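Asker: Got a predicted model here, sequence first, then my questions.
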Amino acid sequence: MIVIIDFGSQFNQLIARRVRECEVYCQIEPPNTPIEAIKAMKPEGIILSGGPSSIYDEHSPKVDRAIFELGVPVLGICYGMQFMVDALGGKVESAEKREYGFARLKTDNKSGLLKDIEDDSVCWMSHGDSSTGLPSGFEITASTDNTEIAVIECNKRRLYGVQFHPEVEHSQEGRKVLSNFLFNICDCKRSWTMKSFVEEEIAEIRKVTNGKKVILGLSGGVDSSVAAVLIHKAIGDHLTCIFVDNGLLRKDERKKLEETFSNNFHMNIIYVDASKKFLGALEGVTDPEKKRKIIGALFIEVFDEEASKIKDAEFLAQGTLYPDIIESKSAFGGPTAVIKSHHNVGGLPEDMKLKLIEPLKHLFKDEVRALGEELGLTEEMVWRQPFPGPGLSIRILGEVTEKRLAILREADSILLEEIRNAGFYRKLWQSFAVLLPVKSVGVMGDKRTYENCIAIRAVNSIDAMTADWARLPHDLLAKISNRLINEVSGVNRVVYDISSKPPGTIEWE
Ligand code: XMP
């Protein structure tokens, strides 16, 4: 495995993804990880990530310098390289010109880290400081017009540094540089595949649960679904899933879930129809945060009640993913963690006294999807767009009633059908319908109508932190609009939301 020391770069998760794409397992660790703990992980190589600081900042992140004495190959990227240069007696200075953007990498040394790379390839730079003096034993193996010391190598000690960012798409030979480090220098084996993960994780789940019962809250989203199938494969009927129908689901959602999990996978599932309870509690409520609070609290109550009926359950399984773990472990906190916390509706009671198991906690989202495919989940399940815990309630602006739910359900189902047929479903981060709290005038046949308005929301995004409205073809929008107005009774107008996030949000509430 490879250890990535996180110096706070916005790209550090990307480094991990690139390493794993090479089928090598890696873990991101904060710089204050004790050297003994790093040693105990038995890494085959260590990558020091970039970061926003200057090594001369008073509070710049530092890792124990003994990391260079472990005899394990180290690759420093950007700040990571500057940290290495400074730690080993070289010189780092504030560059006269900040270098940001594309540069051409000039090299005539095609061994070691740069084996087989094209000369003059585009690489992507983003740094204020530069290395200006080499530590002893190092040589410069590539430069750019602005940065003489762009790549350095000390083959004897197997220490390497790159000033550019090999992990970003813009660096043409970045993948090759990383794979040279992994395979030619660290001698890693390609062993990280979802097939091997399934085998190892099943053994681990069996060992940890040791014949005891496990409960899992199944929402039908990708993460809980994949976690459920994996655990079921490991322990069969010792797993019980609880699915809470809060009455705020999309059309046929429960039916599809039953088909997949009960009929195909033969899993033990308790379906709790709590829709009356939820809709009752939401009566008259229009404030979005109040809706969230009511739904969150009720979910816990309903889940808790069902879970307590399962005698001698010892474990609670959750589909936590690696990015959540990295964020909560990061030495830098970061804005992501804060923003996401208000979305944790559907969190579970703290006093449940169950031990947690989180079998996906080392996986990125794309790996969870690959795992789902490996486990035989359908493409439809594996590639589902995210759906919020409070469900359709935050897509019905104003009061949530059965009648308005029925309108939105129908509209949303038609919209998704057309998006799927046009081949856009997987390309979009999310696409859905919103029912607005306004009525407007229209004509249908010879009659004047005064009916509801549906907004279509379709966005592209990488992680929901930022998003842009999708430039859907006009013909597709026209088709959706026609069908919504003709087929959904109570709708006479359709608008397309062209706000980006920020300043807008993806959901309307
Ligand atoms: P916003 O609307 O904040 O949404 O741009 C970002 C992402 O989070 C989802 N979202 C939620 N998910 N409970 C959830 O589980 C919530 O209360 C909630 N609110 C928004 C939203 O669908 C998008 O993917």
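Answerer: In hand now; what should we look at?

Asker: Tell me how far the nearest residue to residue 61 once chain neighbours are set aside lies from residue 164.
Answerer: Nearest residue to residue 61, sequence neighbours excluded (Cβ to Cβ, 6 or more residues apart in numbering): residue 31, at 4.4 Å. From N, CA and C alone the C-beta is placed, and that goes for glycine too. Distance of residue 31 to residue 164, computed by Cβ to Cβ, to the nearest Å: 21 Å.

Asker: Now do residue 335, the pLDDT please.
Answerer: As predicted, residue 335 sits at a pLDDT of 38.

Asker: between residue 31 and residue 164, which one's more packed in?
Answerer: Taking other Cβ atoms under 10 Å, residue 31 and residue 164 do not tie; residue 164 has more neighbours (30 against 21).

Asker: Pull up the gap between the more buried one and residue 233, please.
Answerer: 43 Å.

Asker: For the ligand, what's the nearest residue on the stretch 151-300 of the chain?
Answerer: residue 292 (5.1 Å; Cβ to the nearest ligand atom).

Asker: name the helices or strands packed onto the helix or strand hosting that residue?
Answerer: Assigning secondary structure by DSSP states H and E places residue 292 in helix 288-309. Helix 288-309 sits against strand 239-245, strand 269-273, helix 275-282, with contacts defined as 3 or more Cβ pairs under 8 Å, 6 or more residues apart in numbering; DSSP states H and E.

Asker: Single out the most deeply packed of the ones you listed.
Answerer: Stretch with highest mean neighbour count among the helices and strands packed on helix 288-309: strand 239-245 (a mean of 22; mean count of other Cβ atoms under 10 Å).

Asker: CA atoms of the next helix or strand after that one as CSV?
Answerer: From strand 239-245 onward toward the C-terminus, using DSSP H and E, the following helix or strand is helix 253-257. Extracted in CSV, the C-alpha atoms of helix 253-257 (Å, rounded to 0.1, in the frame of the first residue of the first chain):
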residue,chain,number,x,y,z
GLU,A,253,-39.6,3.4,-5.4
ARG,A,254,-40.7,0.9,-2.8
LYS,A,255,-41.8,-1.6,-5.5
LYS,A,256,-38.4,-1.4,-7.2
LEU,A,257,-36.6,-1.8,-3.9
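
Asker: List the contacts of helix 253-257.
Answerer: 218, 220, 243, 245, 271, 380 (Cβ atoms under 8 Å, 6 or more residues apart in numbering).

Asker: Buried residues, that helix. List them.
Answerer: Neighbour-count burial for helix 253-257, with 16 or more other Cβ atoms under 10 Å as criterion, is recorded at 253, 254, 257.

Asker: cool, stretch 363-374 as well?
Answerer: 363, 364, 365, 367, 368, 369, 370, 371, 372, 373, 374.

Asker: Just put those residues in JSON lines and tack on secondary structure.
Answerer: Shown next, in JSON lines, are the buried residues of stretch 363-374 (DSSP: H, G, I helix; E, B strand; the rest coil):
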{"residue": "363", "secondary structure": "coil"}
{"residue": "364", "secondary structure": "coil"}
{"residue": "365", "secondary structure": "helix"}
{"residue": "367", "secondary structure": "helix"}
{"residue": "368", "secondary structure": "helix"}
{"residue": "369", "secondary structure": "helix"}
{"residue": "370", "secondary structure": "helix"}
{"residue": "371", "secondary structure": "helix"}
{"residue": "372", "secondary structure": "helix"}
{"residue": "373", "secondary structure": "helix"}
{"residue": "374", "secondary structure": "helix"}
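
Asker: Just name the closest of those to residue 480, please.
Answerer: residue 369 (26.4 Å; Cβ to Cβ).

Asker: pLDDT score for the residue nearest to residue 61?
Answerer: Value for residue 31, per-residue pLDDT: 96.

Asker: Show the contacting residues for it.
Answerer: Residue 31 touches 5, 6, 7, 61, 62, 63, 331, counting by Cβ under 8 Å, 6+ apart.

Asker: Double-check that residue 458 belongs to a strand.
Answerer: Yes: judged by three-state DSSP, residue 458 forms part of a strand.

Asker: who's it bridged to?
Answerer: residue 431 (DSSP bridges).

Asker: Whichever strand or helix holds residue 124 pairs with which strands?
Answerer: Assigned by DSSP H and E, residue 124 belongs to strand 121-133. Here strand 121-133 is paired, per DSSP bridges, with strand 91-105 (antiparallel).

Asker: Pull out the CA atoms of the strand it pairs with and give them to me as CSV.
Answerer: The C-alpha trace of strand 91-105 is given here as CSV (Å, rounded to 0.1, in the frame of the first residue of the first chain):
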residue,chain,number,x,y,z
LYS,A,91,16.7,25.8,-0.3
VAL,A,92,13.2,27.0,-1.0
GLU,A,93,12.4,30.6,-1.8
SER,A,94,9.5,32.7,-2.6
ALA,A,95,9.4,32.8,-6.4
GLU,A,96,9.5,36.2,-8.1
LYS,A,97,6.6,35.2,-10.3
ARG,A,98,3.8,33.0,-9.0
GLU,A,99,3.5,30.2,-11.5
TYR,A,100,-0.1,29.1,-12.1
GLY,A,101,-1.3,27.2,-15.1
PHE,A,102,0.3,25.3,-17.9
ALA,A,103,4.0,24.8,-18.5
ARG,A,104,6.1,22.6,-20.7
LEU,A,105,8.2,20.0,-19.0
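
Asker: buried residues in it?
Answerer: Here strand 91-105 shows 92, 99, 103, 105 as buried, counting by 16+ other Cβ under 10 Å.

Asker: Relative to the whole chain's centre, how far out is it?
Answerer: Computed by Cα atoms, centre = their mean, to the nearest Å, the chain-centroid distance of strand 91-105 equals 31 Å.

Asker: Which residues does it contact?
Answerer: With Cβ under 8 Å, 6+ apart, strand 91-105 has contacts from 54-56, 82, 85-86, 117, 119-133, 142-147, 150-151, 164, 170, 173.

Asker: any idea of the mean pLDDT in it?
Answerer: 86.

Asker: bridging residues for the residue nearest to residue 82 when sequence neighbours are not counted?
Answerer: Of all residues not flanking residue 82 in the chain, residue 92 sits nearest, at 4.7 Å (Cβ to Cβ, 6+ apart). On the basis of DSSP bridges, residue 92 is bridged to residue 131.

Asker: Can I get stretch 73-88 in PDB? Just the C-alpha atoms.
Answerer: Extracted C-alpha coordinates of stretch 73-88, given in PDB (Å, rounded to 0.1, in the frame of the first residue of the first chain):
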ATOM      1  CA  PRO A  73      10.500   5.600  -1.500                       C
ATOM      2  CA  VAL A  74       9.000   9.100  -1.100                       C
ATOM      3  CA  LEU A  75       7.500  11.300  -3.800                       C
ATOM      4  CA  GLY A  76       6.900  14.900  -2.800                       C
ATOM      5  CA  ILE A  77       4.300  16.900  -4.900                       C
ATOM      6  CA  CYS A  78       4.500  20.700  -5.000                       C
ATOM      7  CA  TYR A  79       4.400  21.700  -1.300                       C
ATOM      8  CA  GLY A  80       5.400  18.100  -0.500                       C
ATOM      9  CA  MET A  81       8.500  18.500  -2.700                       C
ATOM     10  CA  GLN A  82       9.400  21.800  -1.000                       C
ATOM     11  CA  PHE A  83       9.000  20.300   2.400                       C
ATOM     12  CA  MET A  84      11.400  17.500   1.300                       C
ATOM     13  CA  VAL A  85      13.900  19.900  -0.100                       C
ATOM     14  CA  ASP A  86      13.900  22.100   3.000                       C
ATOM     15  CA  ALA A  87      14.000  19.100   5.400                       C
ATOM     16  CA  LEU A  88      17.000  17.600   3.600                       C
END
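
Asker: Look up the closest residue to the one residue sitting closest to the centre of the chain, ignoring the ones flanking it.
Answerer: Centroid-nearest residue in the chain, with Cα atoms, centre = their mean: residue 365, separated by 4.9 Å. In space, and not counting its chain neighbours, residue 365 is closest to residue 321: 6.3 Å by Cβ to Cβ, 6+ apart.
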